[in-house]
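1. Provide a 3D model corresponding to the input given below.
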Amino acid sequence: MDPTAPQVACFEAGVKFGSLYHQFAGTPVSPASADSLARAMEEAIENQPYCERVDVSVREDVLAEAIEAGGADYTELTGRFLDVEMTVDYEGVVVETSMAMEDGYPLMRVDAVSPDG
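-> The predicted structure is shown next:
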């Protein structure tokens, strides 16, 4: 049995989140580079098929706390510094997704599937 369009759309969203997270995790980041890194992440993932929109925002307060605690001028990027929203459109099925911290873990989720979901 072939997957349905909503199933493929959700799979595509997962691929994009996996790429976003694992491609950039560990990247050195500082308050001065946070915005340009967020834009680079958006632009890189938006290049992928079916990706309509990616919004990455860096939780600068959490980033500043981590840098202060670490004693350097930067730290490594992890999910705890990011809030992400992404839209995938596969054959008219639009999947809205997000990533945010929940119980100390960067949880990636499908927020809505329409119209066929």
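2. could you use CA atoms for every contact and neighbour count after this?
-> Will do.
3. which residues of the protein fall in strands?
-> For the chain, applying DSSP state E gives strands covering 28-29, 51-58, 75-76, 82-90, 93-102, 105-114.
4. how near is residue 17 to residue 1?
-> Residue 17 sits 26 Å away from residue 1, going by C-alpha to C-alpha, to the nearest Å.
5. so those two - more neighbours on which side?
-> residue 17 (22 against 3; other C-alpha atoms under 10 Å).
6. who are the contact partners of residue 27?
-> Residue 27 is in contact with 76, 77, counting by C-alpha atoms under 8 Å, 6 or more residues apart in numbering.
7. look up how far residue 76 lies from it.
-> Counting by C-alpha to C-alpha - residue 27 and residue 76 are separated by 5 Å.
8. what does residue 62 give?
-> Residue 62 sits at a distance of 12 Å from residue 76 (criterion: C-alpha to C-alpha).
9. also residue 52?
-> With C-alpha to C-alpha as the criterion, residue 52 and residue 76 are 28 Å apart.
10. neighbours around residue 73, how many?
-> Neighbour number of residue 73 under other C-alpha under 10 Å is 14.
11. one step back: which of the strands of the chain is buried the deepest?
-> strand 82-90 (a mean of 22; mean count of other C-alpha atoms under 10 Å).
12. done for today, thanks.
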